[in-house]
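S.K.: below: sequence and its predicted model.
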Amino acid sequence: MSGTSFATPRSAGTFSAVLLEARRATGHTGGIATEPRGGGMPLMVERKRASGLAGGGLTNWDLRCALEEGAYYPTTAEYDPLQNIEEDLTAVPINDVAPWAQAGWGAITPDPEHGVVGETLAHTGIAQFGPPTRFKSELTCAFMTLNIEARHAYWDTVRRRQRELRHHLRPVRVLLTPVPPESLERLGERRPNRSTGAALLQAVDRLGDAALPRLLGLGSVDLQHVP
């Protein structure tokens, strides 16, 4: 929900305010509870008295979804470059047509004027907080879903393979000469070179992990064991 060292504590503080008010409204005391039905689901907010909540309470996922809906989009009209917290003018106005492209689910702030806490509580379904008035569009949900899917595609596949490759290369130091990727079979053994090392990694990506021993076994590649 956050993104920077400045946003993270604000997000955590806002979430804490939501959690506290939700627990007060439902009579929850203590820490995380366990749903007696449905496989013992952990509950951040347990329903202790009539509050309008369906089921036994609110899970972490329920609260996260409510916060996503309650997050606030600044408008172009609110943009003031003179209020930037940095010396350089790094901020830009939010595009009102597609704010999700710049701000994701939106800004999370405890400031009463932006109503994030109140809207989030309304989205929890707790009766005393009334119905919500702020909703995210279908475009917002579609964009954020694609964003998460793209991150999973990178971190679960690409980065995972890169980590595995580095694990294989860890015991040795490869000394290569600067030659193009298509000439890997003629690699020299004189001095390290970043571009040729990258070519080797690209070749392994194209040929698969099974080709790694063959590539590293070329007579023109000098392997030095790292102490």
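M.R.: Arrived safely, thanks for sending.
S.K.: where's the residue lying closest to residue 72 once chain neighbours are set aside relative to residue 155, distance?
M.R.: Using Cβ to Cβ, 6 or more residues apart in numbering and skipping the chain neighbours, the partner closest in space to residue 72 is residue 114 (4.3 Å). For glycine as for every other residue, the C-beta is placed from the backbone atoms N, C-alpha and C. For residue 114, the distance to residue 155 equals 31 Å [Cβ to Cβ, to the nearest Å].
S.K.: more neighbours: which of these two?
M.R.: Between residue 114 and residue 155, counting by other Cβ atoms under 10 Å, residue 114 is the more crowded of the two (20 against 10).
S.K.: surely that one touches residue 108?
M.R.: No: judged on Cβ atoms under 8 Å, residue 114 makes no contact with residue 108 at a distance of 9.3 Å.
S.K.: between these two, which contacts overlap?
M.R.: residue 72 (Cβ atoms under 8 Å, 6 or more residues apart in numbering).
S.K.: check the residue nearest to residue 72 and give its pLDDT.
M.R.: Looking at residue 114, its pLDDT is 94.
S.K.: make 804 the first number, not 1, from now on.
M.R.: Yep, numbering from 804; the last one is residue 917 now.
S.K.: could you check how far it is from residue 809?
M.R.: Distance of residue 917 to residue 809, computed by Cβ to Cβ: 16 Å.
S.K.: the longest helix in this protein is where?
M.R.: For the chain, the longest helix by residue count, based on DSSP state H, is helix 810-829.
S.K.: show me what that helix is packed up against.
M.R.: strand 848-849, helix 863-873, helix 919-926 (3 or more Cβ pairs under 8 Å, 6 or more residues apart in numbering; DSSP states H and E).
S.K.: orientation of it relative to helix 919-926 in degrees?
M.R.: For helix 810-829 against helix 919-926, the angle by axes from the mean of the first three to the mean of the last three Cα atoms, to 10 degrees is 50 degrees.
S.K.: how about helix 810-829: buried residues?
M.R.: 813, 814, 817, 818, 821, 822, 824, 825, 826, 828, 829 (16 or more other Cβ atoms under 10 Å).
S.K.: run the angle between it and helix 863-873 for me.
M.R.: Here the directions of helix 810-829 and helix 863-873 differ by 110 degrees (the same axes, to 10 degrees).
S.K.: now helix 810-829: average pLDDT?
M.R.: pLDDT averaged over helix 810-829 gives 93.
S.K.: could I get that helix in CSV with only the CA atoms?
M.R.: Taking Å, rounded to 0.1, in the frame of the first residue of the first chain, the C-alpha atoms of helix 810-829 are listed here in CSV:
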residue,chain,number,x,y,z
ALA,A,810,4.6,7.0,2.6
THR,A,811,5.2,3.8,4.6
PRO,A,812,4.8,5.2,8.2
ARG,A,813,1.8,7.3,7.0
SER,A,814,0.2,4.2,5.6
ALA,A,815,0.9,2.2,8.7
GLY,A,816,-0.5,4.9,10.9
THR,A,817,-3.6,5.3,8.9
PHE,A,818,-4.2,1.5,8.9
SER,A,819,-3.7,1.5,12.7
ALA,A,820,-6.4,4.3,13.1
VAL,A,821,-8.8,2.2,11.0
LEU,A,822,-8.0,-0.9,13.0
LEU,A,823,-8.5,0.8,16.3
GLU,A,824,-11.9,2.3,15.4
ALA,A,825,-13.1,-0.9,13.9
ARG,A,826,-12.2,-2.9,17.0
ARG,A,827,-13.9,-0.4,19.3
ALA,A,828,-17.1,-0.6,17.2
THR,A,829,-17.2,-4.4,17.3
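S.K.: following it, which helix or strand comes up?
M.R.: Once the chain leaves helix 810-829, the next helix or strand it forms, by DSSP states H and E, is strand 836-837.
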